[in-house]
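Asker: Would you be able to build a 3D model of this:
(one chain, ligands or ions: 1)
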Amino acid sequence: MLQYSVILCSTLVAIPFLLVIKPRKHALPPGPKPLPFIGNLLQVPRKEAYKVYHDWARTYGPVMYLRIFKREFIVLDSLKAITDLYEHRSSRYSTRPRLVMAGELCGKEDTAILFMKYGAKWRQTRALVHGWMNQRNLENYSPVQVLAAHRLLSNLLDKPEDFSEHLRTSVGSVILKLTYGIECSPHEDPWIAKSEALHKITALASQPGRWLVDSFPILRFMPSFLPGASFLRWAKKSRRIAFDLVRLPYDQIKARLTEDSENAVSSFVHDRLLEKRGELTAQEEETLIVAAGSLYAAGIDTLVSILRTFFMIMATYPEVQKRLQQEIDSVVGSQRLPQFEDLDSLPYVACVIKELLRFNAVAPLVPHSLDEDDVYDGYFIPKGTWVMANIWAVLNDPSVYHDPSTFNPDRFNPTLGEKAEMDPTQIAFCVGLGRRFCPASYFSLSTLFIDITNIVSVFNILPPLDENGQEFIPPLDFELGHIRTLKPFQCRIVPRSEDATKLISQANVVSH
Ligand code: HEM
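Answerer: Residues are numbered from 1 along each chain as shown. Next comes the predicted model:
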């Protein structure tokens, strides 16, 4: 009942806006026929939207238009359209769409670069992140990445069934150590728990179509004690969690720098503070806090999603696992664990990583927006529109990737007479190479390399068993929050040999 009254109020608020829509010189792009007032609300897919949009593109073409109430959406379904807008018109298409719930009410616009509007604040934050995450600094991160990979092996040996949690701890501990110098505990670390809580909030807050306030921003001014305004109370709590997560670790480092400078550990934040002798202006401080917090928030979920998919693939495609192990064994042997120095000698590992990034499409629909009206391909693109790059469609285009629903790393391994298929690393991270490309692509690829090689060198990853003790293949069921990730699934993780078990123990003695 309450919901109906909110919809009724919103309708009354929206009518005057609808009446002043001006005639446009160029037509909007084609799309499914909208209903009066609610637009395409009832047609917008709730599940695997990127697949449905791709199907629609067969009817409407690679540039499609949708509307939900007053919010306008364009879906770009080809690499050409994405590159034309995100890259060739990057000065216009580099801002983010308005997200009232996630961005404004839950505070993501002020705490994470990913959600920030294009402008001076974004540029300053981005410059800080980019300067630190570039390829030249990669060597400095290696010891931390190797240590975390070894601890991951030990955790997988102890409690294989908790592999998803171990992955989150491992990736989180690398990012927290490099960003803030924080040492995470191997189990139930409070920082990792906070990041998990924020991940859930962000996924919920940015769910398209979930929040009426995203379509009717005026609802944010409702008194929060009113019935029907529980979303405002939830947003207030979530906002506090988002701010705490970026502020608390920063405050800890700052305090340690003055109180206990001898024991302060080098990190992104520590080194920036030291450069300025701890005397940052309020604005510099805010930029540093957000830059550091952005890495933590943007980095964990993406990498964990890819690594979980890796476990699923190993359990589903035993022949791929066997080839990986054969290659690693032939280069590394059985007396040590893989290292970064082995990278150039392991071409099949590189192909598997590329195929994981293609197959998983962590960010299947990347939203950008524009602050001025534009015309593309004869179509009108209104300012403020959500422009969504369908990266899943590009990474699953059968004219580029043969049999795209099959996991096949060999597609990147040119054989006699056959060309390698398009390298997906650029697309997965960069999306048409616009200005918002992922600043952490080198870091991500190196983390995937060290984790994957270490895991398969000592473990066999096998399908789970059913109640009759028979192996079964878990379904490949992805869910989409703010990123695309597999729903919980099981697999068996078993040491390959006694030597492998010994190697894990030795590596952890050395690392402690
Ligand atoms: C496999 C792993 C990853 C993938 C596939 C990935 C992909 C992406 C994509 C598609 C974007 C948006 C690009 C756009 O808007 O055009 C992005 C942005 C971003 N990524 Fe990543 N990412 C990954 C890992 C990471 C990691 C590990 C970190 C940090 C440690 C990170 C930090 C960021 C940040 C800060 C942005 C925001 C850039 C901005 O808005 O200016 N990413 N990433």
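Asker: which residues touch stretch 454-474?
Answerer: By Cβ atoms under 8 Å, 6 or more residues apart in numbering, the list of residues contacting stretch 454-474 from outside reads 149-150, 152-153, 156, 310-312, 314-316, 321, 324-325, 328-329, 332, 337-338, 489-496, 500-501, 503-504. Any C-beta I mention is one placed from the backbone N, CA and C, and that applies to glycine too.
Asker: So which of these are in helices?
Answerer: Counting by DSSP state H, the contacts of stretch 454-474 place 149-150, 152-153, 156, 310-312, 314-316, 321, 324-325, 328-329, 332, 500-501, 503-504 in helices.
Asker: just the buried members of these?
Answerer: 149-150, 152-153, 156, 310-312, 314-316, 321, 324-325, 328, 332, 500, 503-504 (16 or more other Cβ atoms under 10 Å).
Asker: elements contacting the helix or strand where Thr179 lies?
Answerer: Thr179 belongs to helix 163-180 when assigned by DSSP states H and E. On a contact count with 3 or more Cβ pairs under 8 Å, 6 or more residues apart in numbering; DSSP states H and E, helix 163-180 meets helix 138-158, helix 190-205, helix 230-259, helix 268-275, helix 282-316, helix 441-458.
Asker: and it with helix 138-158, angle?
Answerer: 150 degrees (axes from the mean of the first three to the mean of the last three Cα atoms, to 10 degrees).
Asker: any idea of the angle helix 163-180 forms with helix 282-316?
Answerer: 150 degrees.
Asker: Pull the contacting residues for the most centrally placed residue in the chain.
Answerer: The residue lying closest to the centre of the chain (Cα atoms, centre = their mean) is Thr302, at 3.6 Å. Taking Cβ under 8 Å, 6+ apart as the criterion, Thr302 is in contact with Val362, Ala363, Ser444, Ile483.
Asker: Check Thr169 too.
Answerer: So Thr169 contacts Leu152, Asn155, Cys184, Pro186, His187, Asp189, Ile192 (Cβ under 8 Å, 6+ apart).
Asker: Tell me the spacing between it and the ligand.
Answerer: 15 Å (Cβ to the nearest ligand atom, to the nearest Å).
Asker: same deal with Pro495?
Answerer: 27 Å.
Asker: Check what pLDDT Thr59 gets.
Answerer: You'll see Thr59 listed with a pLDDT of 98.
Asker: wait, is it part of a strand?
Answerer: No: using DSSP: H, G, I helix; E, B strand; the rest coil, the assignment for Thr59 is helix, not a strand.
Asker: gap between it and Asp84?
Answerer: 21 Å (Cβ to Cβ, to the nearest Å).
Asker: Give me the more crowded residue out of the two.
Answerer: More neighbours surround Asp84 than the other of Thr59 and Asp84, with 17 against 10 (other Cβ atoms under 10 Å).
Asker: The more buried one in helix, strand or coil?
Answerer: Assignment for Asp84 (three-state DSSP): helix.
Asker: pretty sure it contacts Ile381?
Answerer: No: assessed by Cβ atoms under 8 Å, Asp84 is found out of contact with Ile381, at 11.4 Å.
Asker: how close does Ser94 get to Met64?
Answerer: On the measure of Cβ to Cβ, Ser94 and Met64 end up 21 Å apart.
Asker: Compare these two (neighbour count), which wins?
Answerer: More crowded of Ser94 and Met64, by other Cβ under 10 Å: Met64, with 24 against 19.
Asker: where does the more buried one land on pLDDT?
Answerer: 98.
Asker: Now do the strands in the stretch 351-500 of the chain.
Answerer: 365-368, 374-376, 379-381, 386-390, 459-462, 478-480, 484-486, 492-495 (DSSP state E, counting those that start in this stretch).
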